Structure formats: structure tokens, C-alpha cells
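[1] Quick one: sequence and predicted model below, then my questions.
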Amino acid sequence: MEWTSLVCLLTLFSVSTSASMIETLHQIKDLQNKTFGHEYPRHGLLLLHWLANHISISRSEDILLHFDPARQDFGFRYYRSSNSSFLPYLDDSSDRAYYFLGSLGSESVRTKLPPYVTQDYYNAFEDPKRDLDRIVLRVQRTDPRRADKVYITQALSKDQEADYNPDETFEISPKLLTQVQILKTPLDLIQILESHMTEGQNSDDPRLVLSRDQFLHHLKHSDKHLQTIFEDAGMRWFLFLAGYDIDNRYNIHRKTWFCTTDEPNQQDQMSRDPETLCEGHNTVKIEVKSTEDGYARIIWSGLPKNIIQMNTTAVIFSSDMSNELERFTEIGGQSSGSYDTYLGLKHGIHPRLVMLNFAFEYGFIGLRYAFIWRGPQFDEANRAIPTDVTGYNASLQLYTTDGYACARIYIRKSFTDWKTEFANSWVSFYTSDQDLDHKYKHYQWVTSFNKVDNTEEYLIYEYKSSMSIGPGVQARFMFSTDKTSYRIFQKWFSATVKARTTPWESVNN
């Protein structure tokens, strides 16, 4: 008995010691001597910037998430800790749980995140460093939108359920996340440079504690090199302040886009019609959107002259691993444009820019192509998270399969009587968010949805309609307690809208 107690105490001591050894980073500058996301194609700093801009932090430093990790929003996954875990141990009876994000090797994760987080993953196809970084949240089980700990770490393998390196694990303080949020606010550069920095030494804004030389170096060098890679100015500031290897990233950027080796002068830098991407001030975009009838539309923008002149073609592949062309169109000398296909929208289809040419081999002439740039894969839900059903532990999500409008309902497992509560409720589909509630195009009773999956905390049900997806399409959760068997159009008098999804393609995520 005494030996058993001693072993338990030693185990507890070991776990406590491991937890206490995790260093806490309080400011952005504390990231400078860490390896987390510091070089191409690692994505950790990009992921941390994304997280900071999807949370709210109270004066008491409580972290409120603008999403639900237990619902697997944005690709979060449950992490079951153990006594040997790199994080403080949590047993199943604890009111805390871990959720991690960043495993881009999983299609269901990378398609949920914005292109600036995933672009280097797609375009560093064989680089083992492209999927190392992870973020871990410790949240309340009963309220998973409240986090009390944020960690950054590094995977020891490419597996989604990989172990993590304890030597590369750090806690991120709310103050550091607040500093990242501050970078969204533009600075009055003239006022800053004229008054410089005598009043900024105690500021929460990490830009205001820089020396004048450091400040100017970012504006003239770092920001100029990053502005055709990352559209967001706050992101560019964050990478500079965190010690990201900007020079190496820019060199890779120049090679990718066939830029000249000469440094662009200031006049060229502001050119609206640049010869190469490095001489411009916009990022390149290629993505898949929806036509009015649920087919794939290829959209591109920001192409410089030298790329347009390379017989450039926009192509859709069935996945990021496929080399078989599904649909394609020549750019036709246009720096921006679109092309409507007759390919039904499917999760994971992948747009790319390629150079096409004909080659003679083994007595035959064949079509050959070389990749220039890989865009983000299409996400079935357009990277929009579910909408809460007001007053209930449930939520509604609009998505598409084969170009049809579909709905997904998430039911919290603790909501055990949901079939009784929703016995007379339905989901209706609309071509526009401006349509009146009774002007639906299709509907289905909630209790007739098909069960497809579940997470640690949620049951998931789905329904596929016969209505095409397209810009502006919306799903609504119509709640009613009417127990009569009236026809559906008679029920609108007693129905209440409990959830409205984000109209399809109405926002950029």
C-alpha cells in the first residue's frame, strides 16, 4: 500500500513537474528565438495570427472563442491526454479538455482554414516541414467556447494523432494574443515617425517600442517583400516582429513567380501593371466558387505580365493529390477573370495555375504541363462554421454535395430530448437571404435528417436537397410547437426562425 502510494505520488510529481516546465511566452518578441513557424513552409505563425483574430479577450484575460472546437469548427480535433502527455494530464472526469488544430495533412482540416494559412502547404509539395506546427486549446467541457490555456507545439510525425515535442511546446499568454490583435489597427506613419517613439515605450502596441531604424526597415524592406505574399498588413507586421525568416521566404517567392533577380525600385513597386509579381503590390488568387446552378467556377486575379505570357492555364483537379485534369481554361491574356464549368461542386476539388505545352515523345505528340501555383481546395461549406440554433444546444450548417444545397445539423449529446423538442421543426432552403420565410424552394423535417457521424460532444445529421447551390443561397431552421398535421404552408403562422446560415459566398473566410 505504501509502495503504491509512493508510485502515485511520483507519477503526480512527474506530471506536475512537466507542466510547470512549459515556458509561457508573454509578448510577440518572445517568439523570436523559437522555431515555431519561423521558416517556409511552416505554418505555425500564420495559424497563431488566425487564432488571435478569431477570439475575444476580456480585461480579466478570459479567452472567448468565436467558434466551437468541440464541433470541429475550422478543423479542430479532440486530443486525449495521458500520463505521458506533453501537456498537464486531464482525466475524463475533468471539466477541461484539449483540442488541437494545424494538421494540414488531413483534407478535412486544411480545407477549413483560410488560404494564407495553407498556401505554403500546397506549394511545398514534398517538403517535410510543411505540416509540423500545431496549436492546442484547453477549454471547458461544459462550455467549449471558453479557453483558459493556449499552447503552441511541434508534431513529431505527419500523422494527425501524432505525438508532440515537449521541448518545442510553449504556452501563449493572453497578452501576446492581444498584441497580435492590435496589429490590425493601422498606424499614422507620419505622426509616428515625427514623434518617434518617446511615448510608445510602455504601449501595448509592439510596433511602438521599435527604434526608428527598425520601424523604417520593416516599411522599406520586410513589408515590401511580403506584400505580394500576404495581403493582410497586420500579418506582415506579426511575421516581422516574431522573427520570421522573411529573406528566405522572399527568395522562394521570386523563384516561384519567375521574378528578376534585381530589387524592384519604388516606382516599379507601386506599378498597377507589373511585369513580375515582385514588382506589384497585390497577391495572386486562384480559387473555386459556385455558378448559379451549382457548377464550379474558376476565379483568378493578380497575375503579372510575365505569367500571362507563359501560355498559362487555370485548371481544376479532383483533389490536391490528383494529376488528372477535370476542367481547364486558358487565361487569355487576362490578369483577372473567371470561367464557368459544368463540373458539379465537390469537396476538395483543387484549382491550379499551370503552363501547358505540347511535347514529342515515343513518336507521339502529348500535352505536358508544369505547375506554377496551387490554390486552396474547395470546401463543401465554403469555410463557414455552423450557425447556432437560438435557445438550444444545436446548430445548422449549409454545405454542398455535387452542386446541390445540403444542410447539416449538430446536436449536443447532452440535448437528449431533441427529437421531442424539434418534432415539428424543419429546415428550409432559399435562393436569397432576402426571401420571405414562406418563399422557400425546398424543406425537410429535422427529425427526417440522416445520422452520419458524431464527435466527442456532438451528434451530426445531414440532408441533401434537390435544389442547386449558388451565390446567396441560405438555409433556415424553422421551429414550431404546433402538433397538428397541417400542410407545411399552413405552419408558417406558428413557426419561428431559430437559425439563418450565412448566405453562400457572401463573405470571405
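    Cool, the structure landed.

[2] Any stretches of the protein with poor pLDDT?
    1-20, 83-84, 157-162, 194-202, 261-272, 358-367, 483-493, 507-509 (pLDDT under 70).

[3] Which residue ranges of the stretch 151-300 of the chain form helices?
    Taking DSSP state H, counting those that start in this stretch, the helices of the stretch 151-300 of the chain run over residues 174-182, 189-195, 212-217, 223-226, 233-242, 246-256, 266-269.

[4] List the buried residues for the second one?
    This points to helix 189-195. The neighbour-count criterion (16 or more other CB atoms under 10 Å) identifies Ile192 as the buried residues of helix 189-195. Every C-beta, even on glycine, is put in place using the N, C-alpha and C of the backbone.

[5] chain center to it: distance?
    Put simply, helix 189-195 sits 35 Å off its chain's centre (CA atoms, centre = their mean, to the nearest Å).

[6] just the fifth one next, same as before
    With CA atoms, centre = their mean as the basis, the distance from the averaged C-alpha position of helix 233-242 to the chain average is 18 Å.

[7] excluding its backbone neighbours, what's nearest Glu168?
    With sequence-adjacent residues excluded and distances taken as CB to CB, 6 or more residues apart in numbering, Glu168 is closest to Gln154, at 3.9 Å.

[8] Glu126 and Leu132: what is the separation?
    Distance of Glu126 to Leu132, given as CB to CB, to the nearest Å: 14 Å.

[9] still on that earlier bit, pick the most buried one from the helices of the stretch 151-300 of the chain.
    Scoring the helices of the stretch 151-300 of the chain by mean neighbour count under mean count of other CB atoms under 10 Å gives helix 233-242 as the most buried, with a mean of 22.

[10] what about the residue minimising distance to the centre of the chain, distance to Asp133?
    With distances taken as CA atoms, centre = their mean, Leu113 lies nearest the centre of the chain, 1.6 Å away. Using CB to CB, Leu113 is found at 12 Å from Asp133.

[11] Of all the helices of the stretch 151-300 of the chain, which one is nearest Val284?
    Among those, helix 246-256 comes nearest to Val284, with 9.7 Å by CB to CB.

[12] which residues sit against the closest one?
    39-40, 123, 221-222, 225-226, 228-229, 239-240, 259, 261, 277-278, 372-373 (CB atoms under 8 Å, 6 or more residues apart in numbering).

[13] Out of these, which end up buried?
    Buried members of the contacts of helix 246-256, scored by 16+ other CB under 10 Å, are 40, 123, 222, 225-226, 228-229, 239-240, 259, 277-278, 372-373.

[14] Among those, name the ones in strands.
    Among these, the residues falling in strands (DSSP state E) are Ile372, Trp373.

[15] Among the buried ones among the contacts of helix 246-256, which one lies nearest to Leu137?
    Leu239 (22.4 Å).

[16] excluding its backbone neighbours, what's nearest that closest one?
    Spatial nearest neighbour of Leu239, excluding adjacent residues (CB to CB, 6+ apart): Leu45 at 6.1 Å.

[17] correct me, but the one you found touches Arg236?
    No. Contact criterion CB atoms under 8 Å: Leu45 and Arg236 do not qualify, at 11.3 Å.

[18] Rebuild the helices of the stretch 151-300 of the chain as TSV, extending it with distance to His347.
    Output for those, formatted as TSV (distance: least, CB to CB, whole Å):
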stretch	distance to His347
helix 174-182	31
helix 189-195	43
helix 212-217	43
helix 223-226	31
helix 233-242	27
helix 246-256	27
helix 266-269	39
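
[19] for those helices, which one sits closest to Ala381?
    helix 233-242 (23.9 Å).

[20] can you pull the alpha-carbon coordinates of that closest one into PDB?
    What follows is helix 233-242, C-alpha atoms only, in PDB (Å, rounded to 0.1, in the frame of the first residue of the first chain):
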ATOM      1  CA  ALA A 233      -0.700  44.300 -43.300                       C
ATOM      2  CA  GLY A 234      -1.200  43.100 -39.700                       C
ATOM      3  CA  MET A 235       0.100  39.600 -40.700                       C
ATOM      4  CA  ARG A 236       3.200  41.200 -42.200                       C
ATOM      5  CA  TRP A 237       3.900  43.100 -39.100                       C
ATOM      6  CA  PHE A 238       3.400  40.000 -37.000                       C
ATOM      7  CA  LEU A 239       5.900  38.000 -39.000                       C
ATOM      8  CA  PHE A 240       8.500  40.700 -38.800                       C
ATOM      9  CA  LEU A 241       8.100  41.200 -35.000                       C
ATOM     10  CA  ALA A 242       8.100  37.400 -34.400                       C
END
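
[21] Count the neighbours of the residue nearest to Leu241 when sequence neighbours are not counted for me.
    Distances taken as CB to CB, 6+ apart put Ile28 closest to Leu241, at 4.7 Å, once the chain neighbours are dropped. Per other CB atoms under 10 Å, the neighbour tally for Ile28 reads 24.

[22] so who does Ile28 touch?
    By CB under 8 Å, 6+ apart, Ile28 lies in contact with Leu176, Gln179, Val180, Pro206, Phe238, Leu241, Ala242.

[23] since we're on the nearest residue to the last one once chain neighbours are set aside, how many residues are nearby?
    Read it as Ala242. Leaving aside its chain neighbours, Ala242 sits nearest to Leu31 (4.2 Å; criterion: CB to CB, 6+ apart). Neighbours of Leu31 under the rule other CB under 10 Å: 24.

[24] how close does Leu31 sit to Arg146?
    To Arg146, Leu31 is 25 Å away according to CB to CB.

[25] starting at the chain centroid, how far to stretch 120-136?
    On the basis of CA atoms, centre = their mean, stretch 120-136 sits 14 Å off its chain's mean C-alpha point.

[26] which other residues reach that stretch?
    36-37, 39-44, 46-48, 51, 79, 87, 98-105, 110, 149-155, 158, 164, 256, 320, 373-377.

[27] Would you mark the buried spots in that stretch?
    Buried positions in stretch 120-136, judged by neighbour count with 16+ other CB under 10 Å: 120-124, 129-136.

[28] What is the end-to-end distance of that stretch?
    Its first and final residues considered, stretch 120-136 spans 21 Å by CA to CA, to the nearest Å.

[29] I'd like the numbering to begin with 254 instead of 1 from here.
    Shifting the count to begin at 254 puts that one at stretch 373-389.

[30] I'd guessed Thr653 sits against Ser543; true?
    Yes. Look at Thr653 against Ser543 with CB under 8 Å: they come within range, at 7.4 Å.

[31] neighbour count winner among the two?
    Just comparing Thr653 and Ser543: by other CB under 10 Å the higher neighbour count belongs to Thr653, 26 against 23.

[32] Who does the more buried one form a beta bridge with?
    Ala658 (DSSP bridges).

[33] For it, give its distance to Gly547.
    Counting by CB to CB - Thr653 and Gly547 are separated by 7 Å.

[34] Can you work out which residues contact both of the two?
    Both Thr653 and Gly547 are contacted by Leu598, Ile722, under the criterion CB under 8 Å, 6+ apart.

[35] Which parts of the stretch 554-703 of the chain are helices?
    558-561, 671-674.

[36] How about stretch 690-700, which residues are buried there?
    By 16+ other CB under 10 Å, the buried positions in stretch 690-700 come out as Tyr693, His695, Tyr696, Val699.

[37] ok, back up a step: out of the helices of the stretch 404-553 of the chain, which is closest to Thr594?
    Set against Thr594 and scored by CB to CB, the helices of the stretch 404-553 of the chain come closest in helix 499-509, at 25.9 Å.

[38] just how off-centre is that closest one within its chain?
    Averaging C-alpha positions (CA atoms, centre = their mean) puts helix 499-509 23 Å from its chain's average.

[39] swap in stretch 675-686?
    Chain-centre distance of stretch 675-686: 28 Å, with CA atoms, centre = their mean.

[40] cool, and stretch 698-707?
    In terms of CA atoms, centre = their mean, the centre of stretch 698-707 is set 26 Å apart from its chain centre.
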